[in-house]
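Q: Structural data only, the sequence is not supplied:
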Ligand code: SF4
Ligand code: SF4
Ligand code: SF4
């Protein structure tokens, strides 16, 4: 009750002489932004709880003895707040100088050069020399896994990564450790990430303001393959990349860049550019069959989706006893890799050992997924290399291609055609919505009039819906962010889960907010990207996965002609108890 009162209460104050009226729990940082004054900060991220560790957001509240941190101080009634004075600028500059004294000065070699929040502020505050004695450390790089590199020499101890890993995802692979001079961010007992509960989602990278965390850079391996005349190099692009890549070239979030992205990939030298949306449609067909089979045979329910490797890592490490509930379908990326080195290799008469498959993904966990030993159903590693959206942008920039001026190009056959159902795979709720379209029409035997399942759309952490399937009620839920998944997994464990089908994506918002997407992502960017995916769906001629004629052709020409067990091996997988 008291909380509700505080929420409804308004306070009036002034910021730099301008009167503002805001809800009582509004921080000075938020209120100042609304009033048109930006306050610098390094530890604060708009989607995370404030930690006030960097102390760069200092402001003056008249009558108070010390400067206050704007990110965690609420506006008080009658406050006279000053965000910009000589004393404040000097205090902020001192905080920045202290941080810089403990930071390597190798900006030119850093992956975040020109995209680093510390570098930008140092420039803004004209820090050209530093009065403080440098105390840089020489800690080893942590790169013992295929996805994430940690360079703790560059860590400014802002705590954003801990907040996202502990509070949002509730994975708790990393935490703060030690005190005062030894204070640092660490895994438990300083073990490697590979030996920790880390799921390689890359959400810590996405919020890190500096170059302390990054994906493993695989661009050199792709250049090498492209330069090898012996290899036939193909690339697939995930649903969510086409609505984010433009941001790397100064475009607005949610700009749809499919045609230009394909053109850029062709200019990079890929022999064929294919669409992962094709195998997203295939996933819908296979997963819908699996759901209907489990409903009919009273199999393990709820069926849990399996597209998100961050989520798969999580259930294998944290809830292995629930693995029988997970769909056996491979992710669209891995279904593509398996088909590329079998179906396409046969069709194009290219030996699979001469084929090199690259994926462009919004995801760091997919770098790990493609190395899993079970992802070799073609007899070779099905997907050779995964690049993030950011890595692709880097490669395009290196070619000197003017991205905005590129003509639109089209995907190559035989993986060109895809549906609107596949387009929305990049959104939380997209896999569910796509599956519901197919499951409904299969069971009801009639056309679904309204294809939009709006109840499962949006950034809500747990969404649910009940669908009438020819008289039977199908209860479904959609979850994004592993912290939310935990809530439902506990219910399944306790036998209290009423759902038949649950979509789970590791990253908040789904792949539009993946750990490999352009830096600076907040909820606002994710909203724009989601809108773009739904626009792609609306504008598609085909909006149901089972209507994709190219998928039907793969079944007719290839999958129906090989042994059922081989089809299963190509399109399905198994999971391993890796209890942490
Ligand atoms: S990759 Fe994900 S799970 Fe691993 S440390 Fe980062 S946020 Fe935590
Ligand atoms: S690793 Fe990055 S996000 Fe984490 S505390 Fe260090 S600087 Fe902040
Ligand atoms: S939600 Fe998407 S980006 Fe995140 S781990 Fe899963 S597949 Fe990767």
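A: Alright, I've got the coordinates. Just so it is clear, the structure is predicted and the values come from calculations on it, not from any experiment. Residues are numbered from 1 along each chain as shown. Ligands and ions are numbered 1, 2, ... in the order given.
Q: domain assignment for the protein?
A: Following automatic domain parsing, the chain resolves into domains at 2-84, 220-571.
Q: So which residues of the stretch 301-450 of the chain form helices?
A: Under the criterion DSSP state H, counting those that start in this stretch, the stretch 301-450 of the chain contains helices at 309-318, 332-339, 345-348, 365-369, 389-399, 420-423, 430-444.
Q: could I get the ones you listed as JSON lines with mean pLDDT and mean neighbour count?
A: Yep, even glycine has a C-beta here, placed from its N, CA and C like the rest. Formatted as JSON lines, these follow (pLDDT from 0 to 100; neighbours: other C-beta atoms under 10 Å):
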{"stretch": "helix 309-318", "mean pLDDT": "98", "mean neighbour count": "24"}
{"stretch": "helix 332-339", "mean pLDDT": "98", "mean neighbour count": "28"}
{"stretch": "helix 345-348", "mean pLDDT": "97", "mean neighbour count": "15"}
{"stretch": "helix 365-369", "mean pLDDT": "98", "mean neighbour count": "28"}
{"stretch": "helix 389-399", "mean pLDDT": "98", "mean neighbour count": "19"}
{"stretch": "helix 420-423", "mean pLDDT": "98", "mean neighbour count": "30"}
{"stretch": "helix 430-444", "mean pLDDT": "97", "mean neighbour count": "24"}
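Q: mean pLDDT lowest for which of the domains of the chain?
A: For these, mean pLDDT drops lowest on domain 2-84, to a mean of 93.
Q: That one vs ligand 1: in contact?
A: No. Remark: domain 2-84 sits outside contact range of ligand 1, by C-beta under 6 Å from any ligand atom, the gap being at least 11.8 Å.
Q: For ligand 3, what's its nearest residue on the stretch 1-150 of the chain.
A: Among residues of the stretch 1-150 of the chain, the one nearest ligand 3 by C-beta to the nearest ligand atom turns out to be residue 147. It sits 10.0 Å away.
Q: could you pull out the strands for the stretch 251-400 of the chain?
A: 272-275, 303-304, 355-361, 385-388 (DSSP state E, counting those that start in this stretch).
Q: out of those strands, nearest to residue 127?
A: Across the strands of the stretch 251-400 of the chain, the minimum distance to residue 127, taken as C-beta to C-beta, is reached by strand 385-388, at 30.8 Å.
Q: Does ligand 1 have contacts with that closest one?
A: No. With C-beta under 6 Å from any ligand atom as the criterion, ligand 1 is not reached by strand 385-388; the gap is at least 12.7 Å.
Q: same for that strand, what does it pack against?
A: The helices and strands touching strand 385-388, judged by 3 or more C-beta pairs under 8 Å, 6 or more residues apart in numbering; DSSP states H and E, are helix 219-226, strand 355-361, helix 365-369.
Q: can you tell if the shortest one touches ligand 3?
A: Pointing back at helix 365-369 there. Yes. Helix 365-369 comes into contact with ligand 3 (C-beta under 6 Å from any ligand atom), by way of 365-366.
Q: how many neighbours does residue 32 have?
A: Around residue 32 there are 24 other residues, counting by other C-beta atoms under 10 Å.
Q: again, but for the one 10 residues further on
A: Residue neighbour count, defined by other C-beta under 10 Å, stands at 24 for residue 42.
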